[in-house]
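S.K.: I would like to see how this sequence folds:
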Amino acid sequence: MASGPGLDSLVDQTISVITNDGRNIVGVLKGFDQATNIILDESHERVYSTKEGVQQLVLGLYIIRGDNISVVGELDEELDSSLDLSKLRAHPLKPVVH
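M.R.: Below you'll find the model as predicted:
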């Protein structure tokens, strides 16, 4: 997992975070610390289902503990905005097992 300088380039960018419990949280990275705890603004959780489209739960300003982060990635906002999430169906991610 990227930390330190790796996350520096993502500050004020929209990112997608996959947590160890399988949640997908999207938001603007506002800050992080040496333990990779991150602060997201304008965040929402994307809840995937095989029965209906992606549900987006508004979270707002949100902190995620570094020990609960599995993957952090930059989100291509142009590509993301072209997706029709209401028609996207997928199995939810399972928790990460160490």
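
S.K.: Wait, a helix at Glu78?
M.R.: Yes: Glu78 forms part of a helix when assessed by DSSP: H, G, I helix; E, B strand; the rest coil.

S.K.: how far away is it from Leu29?
M.R.: 18 Å (Cβ to Cβ, to the nearest Å). C-beta here means a position set from N, CA and C on the backbone, and glycine is covered the same way.

S.K.: Compare those two and say which one has the larger neighbour count.
M.R.: The residue with more neighbours, out of Glu78 and Leu29, is Leu29; 22 against 7, by other Cβ atoms under 10 Å.

S.K.: what about that one, helix or strand, and which?
M.R.: Assigned by DSSP states H and E, Leu29 belongs to strand 24-32.

S.K.: contact partners of that strand?
M.R.: Defining contact as Cβ atoms under 8 Å, 6 or more residues apart in numbering, one finds that strand 24-32 is touched by 3, 7, 10-19, 38-46, 48, 59, 62, 64, 66, 75, 93.

S.K.: What residues of stretch 48-61 count as buried?
M.R.: Within stretch 48-61, the residues scored as buried using 16 or more other Cβ atoms under 10 Å are 48, 54, 59.

S.K.: isn't there a strand covering the last one?
M.R.: Translated: Leu59. Yes: Leu59: assigned to a strand according to three-state DSSP.
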